[in-house]
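Chemist: can't give you the sequence, but here's the structure:
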């Protein structure tokens, strides 16, 4: 492409072909040489001169030489007659818009009409101008342009209408966008996508979903990747029926582009449909769809939530194979995945190998150590982050305060809470207050925890009172526990877990009449115990277990294995901790119910189906009970297996009967 002038084509037609081939900055010398030759060959009055100008502008724009493209646009013939046409303007405005030089694009647009009829904007120009108004949030100019479009009767042009819809939506005028949309005689997929995205972008999620459904049910309509991307922001906290509807749309798409897969994965991940997200990724692998960094960053958190270690490990291999790192988003997601799967060593290895770390990276590794019960190490990491000059944000303080709470580091927790407010001037949020109440309460400072709540700068929410009630149950403080319960029942009267906590507290104190009273309230209100669930990964499948579950195909073998395990650990002195049965309101009188808690069934299942030495990983939807925790410690001894129990509060990594939590949870 670096042709010298002596080797340039000699005909105008050949030179135009050369211009079309100039598409990168490296081609600029050849382009300038060809431009000089064209000036010699083509007289301004030559029929091909105008066409050559268009090609020159296109080539200079493609070579990232926009000032030179502008020079071509402004060139004129010796007699002063302009060779510039509307097409030349359109090409340069499109290039400016593509380069996000929206203000320059609008200035150029404004200069067109004064140059005469040959340069008047047309149905290609107006969409470009509206796009620049949209990107620069210039509603006033957008209104003027749309008014001009209506006077010229171009508002029914589908491309103009699309741009007007996007402009109004991005400028915060979704109802104006809908009026344009509603007035279109013919709507294509781009029209519907623009309107769906418009409502979603400004937070009118119900309207976005409504338009999405209207589009889908139209006979012959074909949602595409743009439809899926457009509806995604509206699905952040979606109803299960809406999620299922979007999945049906996805399944019925004839051509599933990567954008569509990523959008569907994000819908599941954002709504905590972790099993569905992992299953969809595995289907994606089966269909041989090549993932990108967005795909992998989206599916890694669900892998972590499910402790789906093998899938997460496979994703790590893909990242290495495709040389996707360094990539902060991916590396942070990988670190979280390993930590959530109980692989703290792997998480730390990712952290140590990162070429650059942000506050999110440090917060992730601090949180990982905290959840594993290594509070002192978490505090040391927090101090190292400060030593590197990084300023902790609100979330970083949640991580270090939670780590202090998990490990009982009372003095450190108080220090960081004071430092957060006095040194870093961060206003405490409910999460910070919850950590502090949990820290004080677990340490047995119940009165101090209650006094702390009474001095909060914000109204305490159910998590704050819930932390206090949990501490009162642990330390049998009935008086303050009842105060916490009263506040909880006024805030969240239908929340099952707090009734169970209160019932357990009464039972521990031997106040069985009060236990019966709490049960009666639950029955009268129709409140049922939220069932405990344990999830495990085996191969490419996720298996779910419930208390007393006999639905699994291997149930008979699982129960036989569990009986064998319980028999062995009884020989080691294990006795069922009857108090743990109080976590189940309906069955708490049945001592044998302890043996069929979901985590015990899950452990037995994995012992049956994995080879010796394989780590057992179980994820639960509730806190693990003390009986299951004790049983898991003893089972780890007799089977020589590491067991990772991840509950809603922390990660219990058990090795040879010793848990990372230090039995403090």
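Modeler: Sure, I can see it. Just so we're clear, the structure is a prediction, and the values are computed from it rather than from any experiment. Residues are numbered from 1 along each chain as shown.
Chemist: in stretch 123-134, which residues are buried?
Modeler: For stretch 123-134, the buried set under the neighbour-count rule, 16 or more other Cβ atoms under 10 Å, comprises 124, 125, 126, 127, 128, 129, 130, 131, 132, 133, 134. From N, CA and C alone the C-beta is placed, and that goes for glycine too.
Chemist: next one: stretch 287-295
Modeler: 291, 294, 295.
Chemist: show me where the chain dips below the pLDDT cut-off.
Modeler: The model of the chain has pLDDT under 70 over residues 1-12, 43-47, 76-83, 219-220, 577-594.
Chemist: which strands and helices lie in contact with the top helix by length along the chain?
Modeler: Looking across the chain with DSSP state H, the single longest helix is helix 555-570. Applying 3 or more Cβ pairs under 8 Å, 6 or more residues apart in numbering; DSSP states H and E, one finds that helix 555-570 makes contact with helix 598-609, helix 626-639.
Chemist: check the offset of stretch 488-501 from the chain's centre.
Modeler: Relative to its chain's centre, stretch 488-501 lies at 29 Å (Cα atoms, centre = their mean, to the nearest Å).
Chemist: re earlier: I'd like the helices and strands packed on helix 555-570 as a markdown table, with mean neighbour count and distance to residue 271 appended.
Modeler: Shown next, in a markdown table, are the helices and strands packed on helix 555-570 (neighbours: other Cβ atoms under 10 Å; distance: least, Cβ to Cβ, whole Å):
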| stretch | mean neighbour count | distance to residue 271 |
| --- | --- | --- |
| helix 598-609 | 23 | 23 |
| helix 626-639 | 21 | 28 |
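Chemist: can you tell which of these is closest to residue 401?
Modeler: Comparison of the helices and strands packed on helix 555-570 against residue 401 by Cβ to Cβ identifies helix 626-639 as nearest, at 23.8 Å.
Chemist: now do the helix or strand just after the closest one: everything it contacts.
Modeler: Next along the chain after helix 626-639, taking DSSP states H and E as the criterion, comes strand 643-646. With Cβ atoms under 8 Å, 6 or more residues apart in numbering as the test, strand 643-646 has contacts from 307, 340-342, 599, 603, 615-620, 624, 628-629, 632, 635-636, 651-654.
Chemist: recalculate using a threshold of 7 Å.
Modeler: 307, 340, 342, 599, 603, 615-620, 624, 632, 635-636, 651-654 (Cβ atoms under 7 Å, 6 or more residues apart in numbering).
Chemist: what strand or helix carries residue 280?
Modeler: Counting by DSSP H and E, residue 280 is found in helix 274-286.
Chemist: flag every buried residue along that helix.
Modeler: Applying 16+ other Cβ under 10 Å to helix 274-286 flags 274, 275, 276, 277, 278, 279, 280, 281, 282, 284, 285 as buried.
Chemist: nearest the geometric middle of the protein, what residue?
Modeler: Closest to where the C-alpha atoms of the chain average out (Cα atoms, centre = their mean) is residue 270, at 5.5 Å.
Chemist: OK, contacts around that residue?
Modeler: With contacts defined as Cβ under 7 Å, 6+ apart, residue 270 is in contact with 235, 236.
Chemist: same question for residue 632.
Modeler: Contacts of residue 632 by Cβ under 7 Å, 6+ apart are 603, 643, 645, 654.
Chemist: relative to residue 611, how far out is it?
Modeler: 19 Å (Cβ to Cβ, to the nearest Å).
Chemist: now swap in residue 173 and tell me
Modeler: As defined by Cβ to Cβ, residue 173 lies at a distance of 62 Å from residue 611.
Chemist: of those two, which one has the most company?
Modeler: Each of residue 173 and residue 611 has its neighbours counted (other Cβ atoms under 10 Å); residue 173 has more, 17 against 5.
Chemist: show me what contacts the more buried one?
Modeler: Here residue 173 is in contact with residue 139 (criterion: Cβ under 7 Å, 6+ apart).
Chemist: hey, where'd the strands end up in the chain?
Modeler: Along the chain, counting by DSSP state E, strands occupy 533-538, 541-546, 616-620, 643-646, 651-655, 658-659.
Chemist: possible to save the ones you listed as TSV with distance to residue 141 and mean neighbour count?
Modeler: Listed next are the strands of the chain as TSV, based on distance: least, Cβ to Cβ, whole Å; neighbours: other Cβ atoms under 10 Å:
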stretch	distance to residue 141	mean neighbour count
strand 533-538	54	21
strand 541-546	53	18
strand 616-620	54	26
strand 643-646	54	25
strand 651-655	55	23
strand 658-659	65	18
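Chemist: do you know which of the ones you listed lies nearest residue 145?
Modeler: Closest approach to residue 145 among the strands of the chain (Cβ to Cβ): strand 541-546, 52.9 Å.
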